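Trainee: Predicted model, plus sequence, below.
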Amino acid sequence: VQLVESGGGLVQAGASLRLSCVASGRSFSYSAIGWFRQAPGKEREFVAAIRWSVDRRDYADSVKGRFTISRDNAKNTVYLQMNGLKPEDTAVYYCAADSWGSGSSDPSPYNYWGQGTQVTVTS
């Protein structure tokens, strides 16, 4: 199983970015995909998750109303649309797959991780 993120970059506050996570190597019909982020000196934190088999999406309070997670089943791809970016959103963003489909906000159940993509937001 391989997860590859893309779409990060350097933007000003208020701008938008769309991150992509392409999954290969197996079907994700019974999985959940989560986005996490880690800023320098901080622990990895949950951003959003989407379950593959049911239409359920969960968000961290800090991104609700600004970020949207979505999926394209045909492309085995999950997106994270990030609008109204703030400097505190600066981090390396990782997508992860949870084979059990829990869609947890805890990183522990996620058994596959991408390499991460850097998002930097300047004020």
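Mentor: That came through fine.

Trainee: which residues does the residue nearest the centre of the chain bridge with?
Mentor: For the chain, the residue nearest the mean C-alpha position is Trp35 (2.3 Å; Cα atoms, centre = their mean). Beta-bridge pairing of Trp35, defined through DSSP bridges, involves Ala48, Cys95.

Trainee: isn't it right up against Val47?
Mentor: Yes. Proximity of Trp35 to Val47 meets the contact threshold set by Cβ atoms under 8 Å, at 4.2 Å. The way it works is simple: take the backbone N, C-alpha and C, and place the C-beta from them, glycine included.

Trainee: what do the two both touch?
Mentor: Residues touching both Trp35 and Val47 by Cβ atoms under 8 Å, 6 or more residues apart in numbering: 80, 93.

Trainee: so who does Gly25 touch?
Mentor: Listed by Cβ under 8 Å, 6+ apart, the contact set of Gly25 reads 1-2.

Trainee: should've said Ala96
Mentor: Under the criterion of Cβ under 8 Å, 6+ apart, the contact list for Ala96 reads 3, 33-36, 107, 110, 112-114.

Trainee: Name the SS class of the residue lying closest to it once chain neighbours are set aside, please.
Mentor: The spatial neighbour of Ala96 that comes closest, neighbours along the chain excluded (Cβ to Cβ, 6 or more residues apart in numbering), is Tyr110 at 3.7 Å. Three-state call for Tyr110 (DSSP: H, G, I helix; E, B strand; the rest coil): coil.

Trainee: Relative to Gly84, how far out is Tyr110?
Mentor: Distance check for Tyr110 against Gly84: by Cβ to Cβ, to the nearest Å, it reads 26 Å.
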